[in-house]
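Q: fold the following for me, if possible:
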Amino acid sequence: LGSDNTNVNVGNHHSVFALFEKLLPGLIKGTCYCRVLHNSVKHGNKHLLFDIEAALLKIYSHFCRSSVRSQELTNYFDFIEEEQKVILKHIRLRWLSLLRSIERPISIHPIVKNYFLNLTNDDCPELLLEFFTSDRSNEFSECTLYFLTKLTEVQNANLLLQRDYTTGVS
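A: A predicted model of the protein is given here:
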């Protein structure tokens, strides 16, 4: 039985698992299959050269907290005559948001990179300065983004697991 790890699902006495186990002795308790996939990606990301989730969150927060910065980015896109695309927020607990949050920066990576590198060092967040310039990640920041587009396969598997016929509730 795969389920989320809340007490109502996997507690010892009157949980969903305990009630099913009375009906089906030998039932094996599992965890949420979507969470297993998410945790695999999360722990796999620790082996990348850079914390891409932290960089995505930092890029988003740099603009979302300041209308002045948002306008500067708009002006930057206008100056180079490119269509501006909204930077999406990735929520660490929502595994289905990571792929979309990665696909957007790929399409605007050179523009956003140039924007941050043209800021004074005091205005550019340290994490992003390292992401775009350090020897360790300069060549790998965009490469890492492209590598992580393979999350499409994980996302498709997650969507299959979330279909109504794979759950006990419809």
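
Q: who's in contact with residue 58?
A: Taking C-beta atoms under 8 Å, 6 or more residues apart in numbering as the contact definition, residue 58 lies against 125, 127, 128, 131. (C-beta placed from N, C-alpha, C; glycine too.)

Q: pLDDT score for the third one?
A: As predicted, residue 128 sits at a pLDDT of 87.

Q: which helix is the longest one in the protein?
A: Secondary structure of the chain per DSSP state H: the longest helix is helix 95-117.

Q: name the helices or strands packed onto that helix?
A: Under the contact criterion of 3 or more C-beta pairs under 8 Å, 6 or more residues apart in numbering; DSSP states H and E, helix 95-117 touches helix 33-45, helix 52-64, helix 67-79, helix 126-133, helix 140-148, helix 151-161.

Q: okay, angle between it and helix 67-79 too, please.
A: On the basis of axes from the mean of the first three to the mean of the last three C-alpha atoms, to 10 degrees, helix 95-117 is oriented at 80 degrees to helix 67-79.

Q: use 43 as the first number from now on
A: Sure, I'll start counting at 43 from here, so that last one is helix 137-159.

Q: please consider this matter closed, and thank you.
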